[in-house]
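A.B. asks: Got a predicted structure here, sequence first:
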Amino acid sequence: MTTANTTNTYTLPVGPLHVALEEPMYFDIQVEGETVRGVQLTAGHVHRGMEALAMQRNYLQNVTLTERVCSLCSNSHPATYCMAVEALSGLTIPERAKYLRVIADEVKRIASHLFNVGIMAHLTGFDSLFMHAMEVREIMQDAKEGVYGNRMNLGQCVIGGCRRDIDEETAAFLRGQLEQLKPQLDELYGVFERDPLIRKRTRGIGLLPLAEAKRLAVVGPVARASGVAYDVRRKAPYAAYPELDFEVQSDTKGDVHSRALLRLREAVESVKLIEQCLRKMPSGPVCTEGMPAVPRGESVARSEAPRGEVFYYLRSDGTDTPQRLKWRVPTYMNWEALQVMLANCQVADIALIVNSIDPCISCTER
């Protein structure tokens, strides 16, 4: 901490390693007393060179690589990458595979949103609520392990479809997990909505007005909580989403509290989507036979990850290795909004506001 021109104004460095940050990021915060007056963000601490690695691996190997871009969005990345390869190859995946991809996406969305709201409870000092949220999340973690054999990276998506089918026994197990989850989500929502400690610490904190959300082009729950009802699943439907009914959740308050409640409502919608998939999923193969050669050309694909829109760009020179593979993740669009959210907040609220955009620094810096 260095003292500035007056005794009441100083610079507060937060990061790149800090107890309030889950990943390395540096905030140069100008503080007057206990009030934040200015924020400068500095990134680039965890660059992993994954886009360079993608150009050294063939198309099949890159399915595994893209799944390691981000843990909480680990299904969205390979699914979107596979869509880009399939679009360039002219490959149409089987109908059953489309539903299986939606199930994997929505299972990951529920687990990701519960993790974020649990961390929010921890940052407010409500540790019993944090432990309860993480206990509820374990229902979906167990579902992942029971259906896919893994609690984090599902390994479900492959070029041309999906790796694993869901038989009747597994479907019954998944339905049972969802039935356990429903009352727990309702209970959690009630606590986050009405608890006086949560309301005191999060309402009116980290405000992002609609005009600023549009100017900064934020995505995902951050945008929808500020009144931008944009969801790729509705705006540019993919997989089986055109055949499914769901409501795009939105709010207008644009504060930390509304972003948490919106994520919990989205988790409820995800449960409904999974149940619809299990009811409507047609029989048939789950993957195409073999993989066609990827021709020379370019393609793009996008999907709605738990944090917002994931965008993939692929360029091929006709070999079995991409000439260029580039992706844009939601946090890249959302972290500039922290300069608006943190303006004039209290120092004690910094970690809470940063968590409210659900940042993933590793996938942003790749």
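C.D. replies: Perfect, thanks for sending it.

A.B. asks: so Ile110 touches Leu181, yeah?
C.D. replies: Yes: assessed by C-beta atoms under 8 Å, Ile110 is found in contact with Leu181 at 7.4 Å. C-betas here are computed from N, CA, C, even on glycine.

A.B. asks: joint contacts of these two?
C.D. replies: Jointly contacting Ile110 and Leu181 under the rule C-beta atoms under 8 Å, 6 or more residues apart in numbering are 140, 271.

A.B. asks: Give me the more crowded residue out of those two.
C.D. replies: Using other C-beta atoms under 10 Å as the criterion, Ile110 and Leu181 rank with Ile110 on top: 29 against 22.

A.B. asks: any idea what that one is structurally, helix, strand or coil?
C.D. replies: State at Ile110, reduced to three classes by DSSP: H, G, I helix; E, B strand; the rest coil: helix.

A.B. asks: Repeat that for the one 3 residues further on.
C.D. replies: For His113, the secondary structure call by three-state DSSP comes out as helix.

A.B. asks: what's the burial count for it?
C.D. replies: Neighbours of His113 using other C-beta under 10 Å come to 28.

A.B. asks: and it, how far is that from Ala54?
C.D. replies: Distance of His113 to Ala54, given as C-beta to C-beta, to the nearest Å: 28 Å.

A.B. asks: again with Ala301
C.D. replies: 14 Å.

A.B. asks: likewise Gln346?
C.D. replies: Here the distance between Gln346 and Ala54 works out to 42 Å (C-beta to C-beta).

A.B. asks: Pick out whichever of those two has more residues nearby.
C.D. replies: Ala54 (24 against 15).

A.B. asks: For the more buried one, what are phi and psi?
C.D. replies: phi -60, psi -30 (degrees, to the nearest 10).

A.B. asks: Correct me if wrong: it contacts Trp327.
C.D. replies: No: using C-beta under 8 Å, Ala54 makes no contact with Trp327, being 9.1 Å away.

A.B. asks: Show me whatever sits in contact with both of these two.
C.D. replies: Contacts common to Ala54 and Trp327, judged by C-beta under 8 Å, 6+ apart, are Thr66.

A.B. asks: any idea of the mean pLDDT for stretch 355-366?
C.D. replies: The average of the pLDDT scores along stretch 355-366 is 82.

A.B. asks: no wait, stretch 121-133
C.D. replies: Averaging pLDDT along stretch 121-133 gives 93.

A.B. asks: How far does that stretch stretch from one end to the other?
C.D. replies: End-to-end distance of stretch 121-133: 8 Å, with C-alpha to C-alpha, to the nearest Å as the criterion.

A.B. asks: buried sites along it?
C.D. replies: For stretch 121-133, a neighbour-count test (16 or more other C-beta atoms under 10 Å) marks 121-124, 126, 129-130, 132-133 as buried.
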